[in-house]
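Enquirer: Give me a 3D structure for the following:
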Amino acid sequence: MAKRKAKQQQAPSLGDITLAKPDFEQALSFAEVVPNTDKPVDISSPALGTQVDMEREKVDAERKQLEAERQKMDAERALIAAERKKLESATASSSVPPEQHMLSHPTEIRLTTTPEQRTIKSRQSAAALMPQDRETCDILAERARTIATPVGQQQYEQRDQYLRFRLGTVELYGIPYQYLEELRYVGNLARVPCTPAFVAGVVNHRGELLTILDLKQFFRMPALALAGECRIVVVKHAGTRIGLLVDEVDGNEEYQSDELAPPLGSDGVTNMEYVLGIHAGRVTLLNVAALLNDPALRVMR
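Expert: Residues are numbered from 1 along each chain as shown. Here you go, the predicted structure:
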């Protein structure tokens, strides 16, 4: 060792470089102190091999679980397809609307009858459902004859209409539409001297003088002052035109002659020819033809 150190301390001569030999003992001792970080990992050790096996088993278990779930989903998809096909075939062979078969889950579908039972029912004819005993057949035949009997001609006759109006405070009268010509406001009603009390006056009706008859006076009813609801009903029969002064026009109704009740006498209407009848128990239907032929009105023609 002393000689080696002496050689290392000897100065080199010019033009000749002498390298010192390495100290192998010192290098070896240094390698034993500093650990080698580049040393590869030995995976063959028992502890590390056990950990790798556990991770591999865990991955295999997860893969098997995923495969089982995929198989379960495939089975459910096949079940849904089979139930849908069964539902479509049942809907096509039955008369139930398709929307009644749509349920929340295919496994909840329940058919009340089988396709074979529905086929048997459809083959049953109407004759098989009819009663077979003699008494029931006679009753059905009698009902058929009753239904087939022509309805009376009276139900097909056209119903007539009449104008309903009020005289006084409560009494209702009517004039058939066949005599009705026009409705108009009272307007300028001119009094005519030396005429009966039931003549209310005259008005200008399209260039002609129209006599206005006050039915309350004609029927001897209490007189009322003219109000805004008063109207003149222009009627015509056999070339005679006259205006009837009424207190209010109430509307119109339909009637048939056989529906009218017989007229009843009163203090005002003494001549029953003026009345066609009583409709609905409250409306006195006037006979305009008989009214215009009254001798008291002939002077006004």
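Enquirer: any idea where the helices of the stretch 151-300 of the chain begin and end?
Expert: For the stretch 151-300 of the chain, the helices defined by DSSP state H, counting those that start in this stretch cover 215-218, 288-292.
Enquirer: State the pLDDT value of R118.
Expert: Predicted confidence (pLDDT) for R118: 57.
Enquirer: Show me the longest helix that occurs in this protein.
Expert: helix 46-93 (DSSP state H).
Enquirer: okay but Y177 is in contact with R159, surely?
Expert: No. The pair Y177 / R159 is not scored as a contact, 11.0 Å apart, by CB atoms under 8 Å. Placement of C-beta: from N, CA and C, glycine included.
Enquirer: With neighbour numbers in mind, choose between the two.
Expert: Y177 (13 against 9; other CB atoms under 10 Å).
Enquirer: ok, for that one, nearest residue in space, not its chain neighbours?
Expert: Q161 (4.8 Å; CB to CB, 6 or more residues apart in numbering).
Enquirer: Count the neighbours of E253 for me.
Expert: Per other CB under 10 Å, the neighbour tally for E253 reads 16.
Enquirer: On the strand side of things, show who it bridges to.
Expert: Taking DSSP bridges, one obtains Y162 as the residues bridged to E253.
Enquirer: before we move on, the earlier item: for the helices of the stretch 151-300 of the chain, could you give me a markdown table that also reports mean neighbour count and distance to L140?
Expert: What follows is these, written out as a markdown table (neighbours: other CB atoms under 10 Å; distance: least, CB to CB, whole Å):
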| stretch | mean neighbour count | distance to L140 |
| --- | --- | --- |
| helix 215-218 | 20 | 59 |
| helix 288-292 | 19 | 52 |
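Enquirer: mind giving me a markdown table with those and columns for distance to C230 and mean pLDDT?
Expert: A markdown table is the format used below for the helices of the stretch 151-300 of the chain (distance: least, CB to CB, whole Å; pLDDT from 0 to 100):
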| stretch | distance to C230 | mean pLDDT |
| --- | --- | --- |
| helix 215-218 | 11 | 84 |
| helix 288-292 | 19 | 89 |
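Enquirer: so which of the ones you listed comes closest to R70?
Expert: helix 288-292 (98.0 Å; CB to CB).
Enquirer: Show me what that closest one is packed up against.
Expert: Helices and strands touching helix 288-292, by 3 or more CB pairs under 8 Å, 6 or more residues apart in numbering; DSSP states H and E, are strand 231-237.
Enquirer: quick one: average confidence on the strand it packs on?
Expert: The model assigns strand 231-237 a mean pLDDT of 93.
Enquirer: From the rest of the structure, what touches it?
Expert: The contact list for strand 231-237 (CB atoms under 8 Å, 6 or more residues apart in numbering) reads 163, 165, 175, 179-186, 203, 205, 210, 212, 241-246, 248-249, 288-289, 292.
Enquirer: Quickly note the distance from V246 to L209.
Expert: Distance, V246 to L209, using CB to CB, to the nearest Å: 20 Å.
Enquirer: So for these two, which residue has more residues nearby?
Expert: Set side by side, V246 and L209 show more neighbours around V246, with 22 against 12, by other CB under 10 Å.
Enquirer: which residues does the closest residue to the more buried one other than its chain neighbours contact?
Expert: Using CB to CB, 6+ apart and skipping the chain neighbours, the partner closest in space to V246 is F165 (4.2 Å). By CB under 8 Å, 6+ apart, the residues touching F165 are L172, Y173, G174, I175, R231, V233, V246, D247, E248, V249, D250.
Enquirer: what distance separates the start and the end of stretch 177-194?
Expert: With CA to CA, to the nearest Å as the measure, stretch 177-194 spans 33 Å from end to end.
Enquirer: Give me the buried positions along that stretch.
Expert: By 16 or more other CB atoms under 10 Å, the buried positions in stretch 177-194 come out as Y179, L180, V186.
Enquirer: same deal with stretch 65-80?
Expert: In terms of neighbour count (16+ other CB under 10 Å), stretch 65-80 has no buried residues at all.
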